[in-house]
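Visitor: Just a sequence and a predicted model for now, questions to come.
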Amino acid sequence: MALGLPAVATSASAAPAAAHPVSERTVADVIPAPVQAKANPKADFTLSPLTVIRTDFGASPDTKQVANYLAGLLRPSTGYPLPVIAAPNFGWPAISLVLGHADPSAGTEGYQLDVAKSGVTLRANTATGLFEGVQSLRQLLPSQVEAKTVQHTKWTVSGGAILDYPRFGTRSAMLDVARHFFNPTQVETYIDQLSQYKINTLHLHLADDQGWRIEIKSWPNLTKIGGSTEVGGGAGGFYTQAQYTDIVKYAAARHITIVPEIDMPGHTNAAQASYPELNCTGIAPPLYTGTDVGFSSYCVSSPTTYKFLDDVIREISAITPGKYFGVGGDEAHSTSAADYATFYSHVLPIVAKYGKAAVGWHEIATVTPPVSAVPEYWDTSGTNADVVAAAARGNKILMAPANKAYLDQKYNVDSPLGLDWAGLVEVKDAYDWDPATTVKGVDKDSEIAGVEAALWSETISTSDNIEYLAFPRLLGDAEIAWSPKSTHNWDNYSQRLAKQGPRMTAEGIDFYRSPQVNWQ
């Protein structure tokens, strides 16, 4: 490593010298833990009304976008103008964003961050790396920096150096907008929260038994009927294609890719209630507002089913620039194994026809999907021969074990929200796992796509509900997905997590104050 810095989890030198005031957080306190971090309290940099955000001449539009994003984060709380300028480094007090000249090990998403008394320099090989570096930089400022109104404090950036890059390429969160509908503003709020911890994928569960949430122009009853309700009988809702496109763009500006999922061949009651011809009987079932699973299935033998799915996949793919399309596949208890295989022999080629690779729950491994497909392991047993065989064939496995990474599980028996079918998942439980030991026989990082923190919405309907179940467990999943395995240590992590408390409070995040953490 070019910096020659110690790993964060073992760096004794990260503690500030006694002669200097202790910063709220240092470079060694960042979440997710960096690959290398060395604190230097003698090198703290202080923002002032004269500070500028500097890019090089001829900076790319993506670099300028990151610079403007950073300025937008810092201006409300500091009250400083923080102009974004393209100029040589003339010695002004500056935060400099430099595209290129980063350590080669930073790759396409990593960064180098150096904080000195004279200024801050953030280097990366791509604009994505600059963006991820900005997320670390904002953690080095006082928590009040997250406020939306001017705060009166000394804006000190903790001194030191970081070299950082991710362990896994996919660092995902899933939000179920089908059981309960969340409007575009609520989704965008969650996107902002996810991006702070280097999550780069948002999987939207857009259709289930209880609701269909995306406009399909060739099948308008999907939203007119199927989108009209939700768990408990509420009003439901849906995204127009224009609204969905705006969400995709909002996420892209925060270097997050949207993965749309239409669950199938089960979890389909909302669609079948909208169109009788999707049922083998030709009779539409009533809308469903409960929480049972496994009772619905498309009519596998009907050509209409595949004409319908072709239209759905075509329309959504056309407004989704990301690589993947979610094809569901879980809990298809009303579909026989033979019909399940027949169904995907039709559907997977449709996905490919529209230029996408399939991602599905791990049950799709039973149909020997192409190696471009990503099975997502959600079970709790840790053994699955089909998943192991898929990994051996070359499929990358996305890890989301329900007893660790499902954010909808209760923290404890007294949790007011959540389910408990996979067990009670306290903050330490959600952190104490490793993707390379989740499924016996899938034990190489090269076999693993990454990690997903899934949030199902049977019991939640507001942004506060999302925040209570996701925070702080989401931070642990983000660290598991990003940070080197060597940094994984609960005692160290819980101390760093405690220091995130004031930051989440300043943002207004309604997080769960676990008794396992000595919150600051």
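Guide: Alright, I've got the coordinates. Numbers count the residues shown, from 1 in each chain.

Visitor: quick one, helices of the stretch 351-500 of the chain?
Guide: Along the stretch 351-500 of the chain, the segments classed as helices by DSSP state H, counting those that start in this stretch run 385-393, 402-405, 427-431, 463-470, 473-482, 490-498.

Visitor: These into CSV, with extra columns for distance to residue 61, mean pLDDT and mean neighbour count?
Guide: (Each C-beta comes from the backbone N, C-alpha and C, glycine too.) Shown next, in CSV, are the helices of the stretch 351-500 of the chain (distance: least, Cβ to Cβ, whole Å; pLDDT from 0 to 100; neighbours: other Cβ atoms under 10 Å):
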stretch, distance to residue 61, mean pLDDT, mean neighbour count
helix 385-393, 39, 98, 18
helix 402-405, 35, 98, 24
helix 427-431, 38, 98, 20
helix 463-470, 31, 98, 21
helix 473-482, 26, 98, 26
helix 490-498, 34, 98, 18
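
Visitor: so which of those comes closest to residue 316?
Guide: Taking Cβ to Cβ, helix 463-470 is the member of these nearest to residue 316, at 23.2 Å.

Visitor: Which helix or strand contains the nearest residue to residue 232 once chain neighbours are set aside?
Guide: Closest residue to residue 232 apart from its sequence neighbours, by Cβ to Cβ, 6 or more residues apart in numbering: residue 289 at 6.0 Å. Residue 289 is part of no helix or strand when elements are defined by DSSP states H and E.

Visitor: I figured residue 289 was touching residue 235, is that so?
Guide: No: with contact defined as Cβ atoms under 8 Å, residue 289 does not count as touching residue 235 (11.2 Å).

Visitor: Now stretch 513-520 - C-alpha only, CSV.
Guide: In CSV, the C-alpha atoms belonging to stretch 513-520 read as follows (Å, rounded to 0.1, in the frame of the first residue of the first chain):
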residue,chain,number,x,y,z
ARG,A,513,-30.6,3.4,20.5
SER,A,514,-29.5,-0.1,21.2
PRO,A,515,-28.4,-0.8,24.8
GLN,A,516,-25.4,-2.7,23.2
VAL,A,517,-23.9,0.7,22.2
ASN,A,518,-22.6,3.4,24.5
TRP,A,519,-24.1,6.2,22.5
GLN,A,520,-22.5,9.6,22.6
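
Visitor: Can you pull out the residues in contact with that stretch?
Guide: The contact list for stretch 513-520 (Cβ atoms under 8 Å, 6 or more residues apart in numbering) reads 411, 426, 427, 428, 472, 494, 495, 497, 498, 499, 501, 502.

Visitor: Looking at those residues, spot the one nearest residue 313.
Guide: Nearest to residue 313 among the contacts of stretch 513-520, with distances taken as Cβ to Cβ, is residue 472, at 36.3 Å.

Visitor: hang on, the earlier thing: out of the helices of the stretch 351-500 of the chain, nearest to residue 210?
Guide: Here helix 463-470 is closest among the helices of the stretch 351-500 of the chain (Cβ to Cβ), at 16.2 Å.

Visitor: The helices of the stretch 351-500 of the chain into JSON lines, with extra columns for distance to residue 51?
Guide: Shown next, in JSON lines, are the helices of the stretch 351-500 of the chain (distance: least, Cβ to Cβ, whole Å):
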{"stretch": "helix 385-393", "distance to residue 51": "49"}
{"stretch": "helix 402-405", "distance to residue 51": "39"}
{"stretch": "helix 427-431", "distance to residue 51": "36"}
{"stretch": "helix 463-470", "distance to residue 51": "31"}
{"stretch": "helix 473-482", "distance to residue 51": "28"}
{"stretch": "helix 490-498", "distance to residue 51": "27"}
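
Visitor: Out of those, which is closest to residue 217?
Guide: Evaluated over those, closeness to residue 217 peaks at helix 463-470, with 29.1 Å, by Cβ to Cβ.

Visitor: Nearest to residue 379 among the contacts of stretch 513-520?
Guide: Using Cβ to Cβ, the contacts of stretch 513-520 come closest to residue 379 at residue 426, 20.2 Å.

Visitor: so what's that closest one scoring on pLDDT?
Guide: As predicted, residue 426 sits at a pLDDT of 98.

Visitor: so how far is residue 80 from the nearest residue to it once chain neighbours are set aside?
Guide: Of all residues not flanking residue 426 in the chain, residue 411 sits nearest, at 5.4 Å (Cβ to Cβ, 6+ apart). Distance from residue 411 to residue 80, counting by Cβ to Cβ, to the nearest Å: 39 Å.

Visitor: Which of the two has more residues huddled nearby?
Guide: A direct count of neighbours by other Cβ atoms under 10 Å for residue 411 and residue 80 places residue 411 higher, at 23 against 17.

Visitor: List the contacts of the nearest residue in space to residue 443 that is not next to it in sequence.
Guide: Nearest residue to residue 443, sequence neighbours excluded (Cβ to Cβ, 6+ apart): residue 436, at 5.2 Å. Residue 436 is in contact with 442, 443, 444, 445, 448, 485, counting by Cβ under 8 Å, 6+ apart.

Visitor: any idea which of the residues you listed is the one closest to residue 245?
Guide: Nearest to residue 245 among the contacts of residue 436, counting by Cβ to Cβ, is residue 448 at 31.2 Å.

Visitor: and the closest one, what does it touch?
Guide: Here residue 448 is in contact with 168, 396, 397, 398, 399, 435, 436, 442 (Cβ under 8 Å, 6+ apart).

Visitor: Identify the residues contacting the third one.
Guide: Neighbouring residues of residue 397 by Cβ under 8 Å, 6+ apart: 362, 374-377, 387, 390-391, 439, 442, 447-449.

Visitor: Mind putting those into TSV with distance to residue 143?
Guide: Shown next, in TSV, are the contacts of residue 397 (distance: Cβ to Cβ, whole Å):
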residue	distance to residue 143
362	39
374	37
375	40
376	34
377	36
387	41
390	44
391	42
439	38
442	39
447	39
448	34
449	33
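
Visitor: Now, these that are in strands?
Guide: 374, 375, 376, 377, 448, 449 (DSSP state E).

Visitor: Please tell me the pLDDT value assigned to the fifth one.
Guide: Spelled out, it's residue 448. For residue 448, the predicted pLDDT is 98.
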